[in-house]
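Enquirer: curious how this folds, go ahead:
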Amino acid sequence: MIEYINYHLTQVILTVVIVFSLIILRWVFRKAAYGIAKRREVNVQRTVLMVRYINTLATFLVLFAILLIWGVEPSQVGVLFSSVFAVIGIGLFAIWSILSNVTAGVILYFYYPFKIGDKIKILDKDFPVESAVIEDIQAFQLHLRTDKGELITYPNNLILQKSIAKIEE
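Expert: Next up is the predicted model:
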């Protein structure tokens with residue numbers, strides 16, 4: 001074992017440095033996400049979800065870097081990742097709208113001008129929502145409570161496609 005470590009000392013050191021970098025990077029991203037959430041008064045559950053997405057992306061990047069350090073050819077890593085994503089993509093093709101809702105949820109987290117508790121109006125000719133309060137913003141949908149007390153779940157991807165007006169009280 002000692003002989004193996006001595007022979008691959010550079011790779012072992014770089015791997016340890018990258019793993020520690022991942023820990024630090026995840027901590028920095030977590031602090032940044034919570035800082036953004038505090039400034040924008042974002043729900044804690046949404047922040048936890050965004051931190052989870054960011055951590056997953058950082059972990060994939062570190063895994064890619066470690067594979068390169070240990071001598072795996074970039075083309076082989078590309079084939080591995082593209083194969084895995086192709087299988088996942090084919091498996092999720094039937095539920096592609098879920099992926100678009102999750103992606104829209106990430107976009108809403110960073111760029112949505114409204115927050116929980118705001119009263120909005122959705123300007124849609126097919127399904128207009130005259131007046132509703134945003135109760136919750138989740139990974140897949142918004143929960144809206146109408147003046148009549150109805151709970152409407154509105155998909156995140158549709159929120160990005162429709163015009164929305166904030167109702168000032």
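Enquirer: quick one, strands of the protein?
Expert: Counting by DSSP state E, the chain has strands at residues 119-123, 129-137, 141-146, 151-155, 163-166.
Enquirer: correct me, but Gln138 touches Gly105?
Expert: Yes - between Gln138 and Gly105 there is a contact at 7.2 Å, judged by Cβ atoms under 8 Å. Backbone N, C-alpha and C define where each C-beta goes, glycine included.
Enquirer: tell me which of these two has more neighbours.
Expert: The residue with more neighbours, out of Gln138 and Gly105, is Gly105; 25 against 16, by other Cβ atoms under 10 Å.
Enquirer: pull the contacting residues for Phe64.
Expert: Contact partners of Phe64, counting by Cβ atoms under 8 Å, 6 or more residues apart in numbering, are 77, 81.
Enquirer: against Gly78, how distant is it?
Expert: Per Cβ to Cβ, to the nearest Å, Phe64 is found 9 Å from Gly78.
Enquirer: one more: Arg145?
Expert: Distance, Arg145 to Gly78, by Cβ to Cβ: 47 Å.
Enquirer: can you pull the contacts of the most centrally placed residue in the chain?
Expert: Residue closest to the average C-alpha location in the chain (Cα atoms, centre = their mean): Tyr53, at 3.9 Å. Residues in contact with Tyr53, defined by Cβ under 8 Å, 6+ apart, are Val106.
Enquirer: do a quick rundown of the helices in this structure.
Expert: Here the chain has its helices, by DSSP state H, at 2-7, 9-40, 44-69, 74-92, 96-111, 156-161.
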